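>>> The sequence isn't on hand, but the structure is:
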């Protein structure tokens, strides 16, 4: 079945550690890719997006993601996490439509 | 910019009653709004897509007679959960997309519905 997969369900890191969250999708053709973040008690916010062009996308708060078409992946990275990055992270895809298909989410906990 | 509000932020209702949730785009006109449902520790599931002035398009498995959606203006969409049951208890989130498009959606803060 077509889907968006986030294999890391729960990630625990210490401050200053590097982060990489995986996202794979199974849709063919042209896709638009997004990473959203949901801080505790807050609404979803867009971290970054990819529509076309440079496959390395830089977003807010030091996050970046790389689109690898051959691997159907759009992994999120941050070289040095902070306690304030503790949140739920969602990968999402729009497979040739305007509908956002979300992954299951990854809960990130950062300890000082 | 691009702020979306929802009202109420939480609501408790008795089984069998109906509940209306409002979604407003505060600083832009939203030609399309989306309604999602989020279960605890799970992802967002798209329920329906609503375009201003037309009928909503529901996802497979979503009862359109139970979840009534109205998008009467470019800044307001409503979701009415009719004859609510405890299994309808969930977190309902709306999003809005303006004419700028590019598939970017702006999310509301969500509404926690508890049916007793």
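Nice, I can see it. Computed from a predicted structure; not experimentally measured.

>>> Spell out which residues belonging to chain A are near chain B, please.
A:32, A:34, A:36, A:42-46, A:49, A:51, A:90, A:94, A:98-105 (Cβ under 8 Å from any Cβ of the partner chain). Bear in mind the C-beta positions are built from the backbone N, C-alpha and C, glycine included.

>>> Distance check, residue B:46 against chain A.
Noted for residue B:46: a distance of 6 Å to chain A, by Cβ to the nearest Cβ, to the nearest Å.

>>> Measure how far the helix or strand hosting that residue is from the centre of its chain, please.
If you go by DSSP states H and E, residue B:46 is part of strand B:44-51. On the basis of Cα atoms, centre = their mean, to the nearest Å, strand B:44-51 is displaced by 7 Å from the centre of the chain it belongs to.

>>> circling back: any of the residues of chain A next to chain B buried? List them.
A:32, A:34, A:36, A:43-44, A:46, A:49, A:90, A:94, A:99-105 (16 or more other Cβ atoms under 10 Å in any protein chain shown).

>>> contacting residues for residue 53?
Reading this off chain A. Contact partners of residue A:53, counting by Cβ atoms under 8 Å, 6 or more residues apart in numbering or on different chains, are absent.

>>> nope, chain B
Taking Cβ under 8 Å, 6+ apart as the test, what residue B:53 contacts is B:71, B:72.

>>> repeat for residue B:71
B:33, B:50, B:51, B:52, B:53, B:54, B:56, B:77, B:78.

>>> Of these, which is the nearest to residue B:20?
Closest approach between these and residue B:20, by Cβ to Cβ: residue B:78, at 5.6 Å.

>>> The closest one: which element?
Residue B:78 belongs to strand B:76-81, assigned by DSSP H and E.

>>> In that strand, which residues are buried?
By 16+ other Cβ under 10 Å, the buried positions in strand B:76-81 come out as B:76, B:77, B:78, B:79, B:81.

>>> and after it, which helix or strand comes next?
With secondary structure assigned by DSSP H and E, strand B:76-81 is succeeded by strand B:90-98.

>>> so that following strand versus strand B:44-51, what angle?
If you take axes from the mean of the first three to the mean of the last three Cα atoms, to 10 degrees, strand B:90-98 sits at 50 degrees to strand B:44-51.

>>> could you redo the contacts of residue B:71 as JSON lines and give each row pLDDT?
Output for those, formatted as JSON lines (pLDDT from 0 to 100):
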{"residue": "B:33", "pLDDT": "93"}
{"residue": "B:50", "pLDDT": "91"}
{"residue": "B:51", "pLDDT": "87"}
{"residue": "B:52", "pLDDT": "83"}
{"residue": "B:53", "pLDDT": "82"}
{"residue": "B:54", "pLDDT": "84"}
{"residue": "B:56", "pLDDT": "92"}
{"residue": "B:77", "pLDDT": "94"}
{"residue": "B:78", "pLDDT": "95"}
